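[1] how would this look folded up:
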Amino acid sequence: IREAPPAPSRYNVFIKGKLEELKRTHADLDYKQRFKMAAEAWKTEGSTANAPKTEVAILKQQVTMQEEQIAQLSDALEAKGLFCKPQPRAPAAYNDFIRNKMDEIKTAHPDLDHKERFRMAAEAWRTEGSVANAPKTEEG
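    Take a look at the predicted model:
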């Protein structure tokens, strides 16, 4: 399936229109000279300072501005003690167990690939890790 070509940029649309206009008004000039004139016209009439050229660029610019506003607001709220950025959580017992078990298995079986080592570590969690980290009951 072929994707539709992207929409032409403002520059492309401007140059194409300007070249057609110059071809009518300056038929005696060759393409290269008309293109130079169109490019000069773009510098003076076609472009505006920092103007986005496509809808995607406009949306990206808006998202960037919103992200900056959010960052400023969260910094201001944090400075007043009204907001705290979330702190990273400590790894769960499962994560610690798997990381340590993967290291053990890698040392014992360096020829195994990652997938097989992980399968063995997960099996070890089912048999030994989950029992060791099971919640304590009143009876036990």
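
[2] so residue 129 makes contact with residue 101?
    Yes - between residue 129 and residue 101 there is a contact at 7.4 Å, judged by C-beta atoms under 8 Å. Yep, even glycine has a C-beta here, placed from its N, CA and C like the rest.

[3] what residue ranges in the chain are flagged as low confidence?
    1, 46-53, 130-140 (pLDDT under 70).

[4] Look up how far residue 66 lies from the residue positioned nearest the centre of it.
    In the chain, the C-alpha nearest the mean C-alpha coordinate belongs to residue 60, at 11.3 Å (C-alpha atoms, centre = their mean). With distances taken as C-beta to C-beta, to the nearest Å, residue 60 is found 11 Å from residue 66.

[5] Not counting sequence-adjacent ones, nearest residue to residue 23?
    Computed as C-beta to C-beta, 6 or more residues apart in numbering, the closest residue to residue 23 that is not its neighbour in sequence is residue 34, at 6.4 Å.

[6] Using CSV, list the CA coordinates for the helix or strand encompassing the one you found.
    Remark: residue 34 resides in helix 31-41, with elements defined by DSSP states H and E. Extracted in CSV, the C-alpha atoms of helix 31-41 (Å, rounded to 0.1, in the frame of the first residue of the first chain):
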residue,chain,number,x,y,z
TYR,A,31,13.6,29.1,-15.8
LYS,A,32,16.8,29.7,-13.7
GLN,A,33,16.3,33.5,-13.8
ARG,A,34,12.6,33.2,-12.9
PHE,A,35,13.4,30.8,-10.1
LYS,A,36,15.9,33.3,-8.6
MET,A,37,13.2,36.0,-8.8
ALA,A,38,10.7,33.7,-7.1
ALA,A,39,13.2,32.8,-4.3
GLU,A,40,13.9,36.5,-3.7
ALA,A,41,10.1,37.1,-3.6
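
[7] Buried residues of that helix, list them for me.
    Using 16 or more other C-beta atoms under 10 Å as the test for burial, helix 31-41 gives 34, 37, 38, 41.

[8] With distance to residue 80 as added columns, please give these in JSON lines.
    JSON lines is the format used below for the buried residues of helix 31-41 (distance: C-beta to C-beta, whole Å):
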{"residue": "34", "distance to residue 80": "61"}
{"residue": "37", "distance to residue 80": "58"}
{"residue": "38", "distance to residue 80": "55"}
{"residue": "41", "distance to residue 80": "52"}
